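Asker: Sequence isn't available, so here's the structure alone:
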Ligand code: HEM
């Protein structure tokens, strides 16, 4: 029989044989894809009994409800209605889980983090955008990078950053003083905080200046471009998730294809990525030359050679050959820090200033604490040790980051069938469950907002912004919950091996900025009104504005 078929094939003309072969290959590929598709959906059947919202689209499920500028309300509704474990339906009937149960989160982020790794789309899009930095690697490679980088984010190095942070904030203070010298005035505060956050990470992280605080000349191309970056990334979220299908194509082909795609936000992401690479490469080459030359060349640079990348490159030069970081990884870390450290901090600060403007009593109390701290401060501003022990400043930061985490959730992909424990049993269609079976291939969303706003943990006043809650010992319900986060019993900076490496850097930035601006200016709400748009980050915007650029209208006056 087989011999007959071979004989028949030999007699076929070449073109017909090629056609047949392509048909067989094509059908095989489709059949294989269908097989994996159906197998994956069948494996997910046990998840269907978990409570969750009805799917609203046959093709895209709950996707359109989950990801758009006004989606914050839907996320709050999910937490209120379904609690700690929620089933949602995504593209082509893919079932995903939204989880804020503390024990389950401990398993996902700490105990079983090798099973729950970053999703492919996240790693691949970041690898193409930033290079092989922390946001683009996983497993042993990622652990090795963390080991190399953790020391440069130590308290010793953070303490050395404080004078630089004061110096840069002082520059912004002078700019703001000029803006309001004629009296109270409405400003887009985010414009100023964004430039300051960029300059802080540029000088403190890379030892480089974008000259962002110099308002006498036109804004630097990178500083201008990065403002739209988070928004652009949010608006191409759906396409980012499909990227693994093509991520192995040669980069010239990907670029060619992307340019043909009628998606301005995608073009913007590519433009910012290119500008970012150009600047980081320039900084890297310059530092490498200084290292090779020796001497005190770094002292003349922005950041005095105390910045994170200079410390890293110095340590790297002294490390044994086999442990040294390759150039492309250092470049990857530089872009990653610029991306991860700019909008996150300016968004968090925007929320703090917004809340302080709405609560003048809290603003005044904080101002008094800071003014008293300045009385004992030297030329270089309130020092590290004093800043970290100011109780009301700490309480305002903690409470804001608890109730309004800039990042609402992060995704992980389950890479092996696993059962994870739950702190509280959940009621499902099949009865009560005290553990959760997660089939391989399921995407799991760690619900940062959900855990930070869990009424069973924080109490009935969970949705109130109350800095005072941090001035007394926390209730047992908080300490007993064992939330696996690195910061203040919350998941704002996540926890485990992929927790935010810059969380101390970020807190210090916020504290220095508040310590300088509050004793000098009063901040009041603008009549324009502010809305908070949900996205990769939850950013402020002017009420009624149709544009996508984040803004924080605020009335500022000298004290
Ligand atoms: C309020 C400000 C910030 C918030 C809320 C924040 C939050 C987060 C969160 C939730 C993650 C986990 C992301 C994931 O696993 O998908 C993360 C990771 C990260 N953050 Fe931050 N971050 C902030 C500021 C910063 C700053 C200032 C820097 C840089 C100096 C930074 C650098 C990073 C890096 C490099 C990672 C990846 C860590 C890893 O995968 O090992 N972040 N951040």
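Answerer: Sure thing, it's come through. Since this is a predicted model, take the numbers as computed values, not measurements. Residues are numbered from 1 along each chain as shown.

Asker: Output the contacting helices and strands for whatever helix or strand residue 193 lives in.
Answerer: Assigned by DSSP states H and E, residue 193 belongs to helix 189-201. Counting contacts by 3 or more CB pairs under 8 Å, 6 or more residues apart in numbering; DSSP states H and E, helix 189-201 is packed against helix 155-179, helix 221-226, helix 327-358, helix 503-517, strand 553-558. Using the backbone N, CA and C atoms, a C-beta is placed for each residue, glycine as well.

Asker: Let me know the pLDDT of whatever residue of the stretch 51-200 of the chain ends up closest to the ligand.
Answerer: At 4.0 Å from the ligand, residue 134 is the closest residue in the stretch 51-200 of the chain, using CB to the nearest ligand atom. pLDDT for residue 134: 97.

Asker: Return the residues of the stretch 301-450 of the chain in contact with the ligand.
Answerer: Listed as neighbours of the ligand in the stretch 301-450 of the chain under the rule CB under 6 Å from any ligand atom: 336-337, 340-341, 344-345, 348, 406-407, 410.

Asker: Those, buried ones only, as a PyMOL selection?
Answerer: Buried residues within these, by 16 or more other CB atoms under 10 Å, are selected in PyMOL with:
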select buried, resi 336+337+340+341+344+345+348+406+407+410
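
Asker: Serialize the residues of the stretch 301-450 of the chain next to the ligand to a markdown table and add fields for pLDDT.
Answerer: Shown next, in a markdown table, are these (pLDDT from 0 to 100):
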| residue | pLDDT |
| --- | --- |
| 336 | 95 |
| 337 | 95 |
| 340 | 93 |
| 341 | 93 |
| 344 | 95 |
| 345 | 96 |
| 348 | 98 |
| 406 | 96 |
| 407 | 96 |
| 410 | 96 |
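
Asker: got TSV for the residues of the stretch 301-450 of the chain next to the ligand, with distance to residue 477 too?
Answerer: As requested, those are arranged in TSV below (distance: CB to CB, whole Å):
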residue	distance to residue 477
336	36
337	36
340	32
341	33
344	28
345	30
348	25
406	25
407	24
410	24
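
Asker: Now do the contacts for the residue in the chain that the ligand sits nearest to.
Answerer: When distances are taken as CB to the nearest ligand atom, the chain reaches nearest to the ligand at residue 502, 2.3 Å away. Residues in contact with residue 502 (CB atoms under 8 Å, 6 or more residues apart in numbering) are 153, 337, 340-341.

Asker: hmm, which two among those residues are most spread apart?
Answerer: Spatially, the most separated pair among these is 153 and 340, at 12.1 Å (CB to CB).

Asker: returning to that earlier point: wait, which of the contacts of residue 502 is closest to residue 139?
Answerer: residue 340 (19.9 Å).

Asker: Which strands or helices does the biggest strand by length in the chain pack on?
Answerer: Criterion DSSP state E: the longest strand present in the chain is strand 418-428. On a contact count with 3+ CB pairs under 8 Å, 6+ apart, strand 418-428 meets helix 102-106, strand 431-438.

Asker: and this protein, which residues reach the ligand?
Answerer: Residues of the chain lying near the ligand (CB under 6 Å from any ligand atom): 134-135, 146, 201, 205, 336-337, 340-341, 344-345, 348, 406-407, 410, 492-494, 498, 500-502, 505-506.

Asker: Just list the residues touching residue 202, thanks.
Answerer: Taking CB under 8 Å, 6+ apart as the definition, contacts of residue 202 comprise 208-210, 212, 302, 338.

Asker: just these now: which is nearest residue 554?
Answerer: residue 212 (19.2 Å).

Asker: Doesn't residue 325 belong to a strand?
Answerer: No - counting by DSSP: H, G, I helix; E, B strand; the rest coil, residue 325 falls outside a strand, being coil.

Asker: ok, now how distant is it from residue 319?
Answerer: Distance of residue 325 to residue 319, computed by CB to CB, to the nearest Å: 8 Å.

Asker: Looking at these two, which one has more neighbours?
Answerer: In terms of neighbours (other CB atoms under 10 Å), residue 325 is the more surrounded of residue 325 and residue 319; the figures are 20 against 12.

Asker: residues contacting the more buried one?
Answerer: By CB under 8 Å, 6+ apart, the contact set of residue 325 is 145, 148, 312, 316.

Asker: How about the secondary structure of the second one?
Answerer: Three-state assignment for residue 148 (three-state DSSP): helix.
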